[in-house]
Structures are given as structure tokens and as C-alpha cells.
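Engineer: Pasting a predicted model and its sequence here:
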Amino acid sequence: MRLSTIVSSLAFTLLAACGGPGGTTNTITTPITSGSASSASAADDDPSCPVTVAGTSVSVEDTDTGAALVFVTTGDDDELRKRVAALAATHNEQHGAMGPLPTGDEAVGGHAHHAHHGHHDPHGHHGGGGMIGVHSAASVEEILDGARLVFVVAPGDVGAIQTELRAHARHLSGGTCEMAR
């Protein structure tokens, strides 16, 4: 499966609407051993897959309103940022179709998007057919040598998004965005 499909469910426009989250409480780093872009398989040559940029690693940072996938590279940081932005845009487009994107300011338990959580399609994708099952908004922040893909969720979903992003970081650490079938 192409990352663009995965990203479809990554409603990453969240921080664009509400700004960056406050503090980071926990960071887990998962290095990626990705090869050069020319050695990537056709499935991984997706222009929205950050981990196929040579020298890229991913980590997870917990925030007060969700969590972030942090991508850094010793390779082409502009290409990495472009791919992370593509992920965010696709995510927000798909999650926006589920309803209003979370801002992190909702009352605890006050959102109505639980019907999308854990919803699987026949291809094994989470909610809405993409990578992230927890209803969320995504935004991109440029950082030294990379970008942060920040997910904002309703207060009752903070723990769920943190857990889900850790699982995705482990998968991405294999240097591919392709999901197992």
C-alpha cells in the first residue's frame, strides 16, 4: 500500500488550526535504516513517504494535546519536509471528512468521533482507510534537519494517539510506509 493511502487517514492539518502544543512529556526515538532513494522499492518510492529519504529516523513525542512523529535526516531535509507536509495534508483531508478536526480544546469525552476508532477496512487500515485511526488533526513544524508531524486530538483521546503513534513509529522504523497486507 502506498503511503499516500496511509496518509489519507492522517488528518494532519490539526495544528494549523490551533497552533503548536505546549510541552513535550516523553520522547521515544526509533532509528530507521533507510537506504538511498534510488534503492527504495517501487512501493516505497511514494513522494509522501518520509522514511524513504536516506538517513531518516523517526521518534514520538507526547504532547498535552496528542503526540508528534518527529522525522530527522542526515540526508535531504527539504525533501523530508515536503513528504511530511504531504502526509499531513492527506491526513487532514481524510479526517476532515469524518467531521470537524479536533483542536485539543474540546471537553473531555465531549466529542462524537469514537465510531471511527478501531474501524478496519478489508485491507487492514485503521479508521477511514489510512494510517491513523484516532480522529485527529495534523500539522507540520519545521525543525533542525527535519519536521515534526503533530497530531491534536480531543482530550479523551490523548493516550490513544500516543499509543497508536508509537506503534506506527515502530513500523516506519523498518524504512517503509507500505502496510502489510
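Structural biologist: Great, that's in hand. Numbers count the residues shown, from 1 in each chain.

Engineer: The lengthiest helix in the chain packs against which elements?
Structural biologist: With residue count as the measure and DSSP state H as the assignment, the chain has helix 77-96 as its longest helix. For helix 77-96, the packing partners by 3 or more C-beta pairs under 8 Å, 6 or more residues apart in numbering; DSSP states H and E come out as helix 3-8, strand 66-73, strand 137-143, strand 146-152. Using the backbone N, CA and C atoms, a C-beta is placed for each residue, glycine as well.

Engineer: Check which residues of that helix are buried.
Structural biologist: 77, 79-95 (16 or more other C-beta atoms under 10 Å).

Engineer: in a helix, that's where Ala167 is, yeah?
Structural biologist: Yes - assessed with DSSP: H, G, I helix; E, B strand; the rest coil, Ala167 lies in a helix.

Engineer: how close does it get to Ala86?
Structural biologist: Using C-beta to C-beta, to the nearest Å, Ala167 is found at 21 Å from Ala86.

Engineer: for Asp145, same thing?
Structural biologist: Asp145 is 18 Å from Ala86, by C-beta to C-beta.

Engineer: Please report how far the residue lying closest to Ala107 once chain neighbours are set aside lies from Val53.
Structural biologist: With sequence-adjacent residues excluded and distances taken as C-beta to C-beta, 6 or more residues apart in numbering, Ala107 is closest to Pro155, at 7.4 Å. Separation of Pro155 from Val53 (C-beta to C-beta) stands at 34 Å.

Engineer: who has more neighbours, those two?
Structural biologist: In this view Pro155 and Val53 are compared by other C-beta atoms under 10 Å, and Val53 has more residues nearby, 27 against 17.
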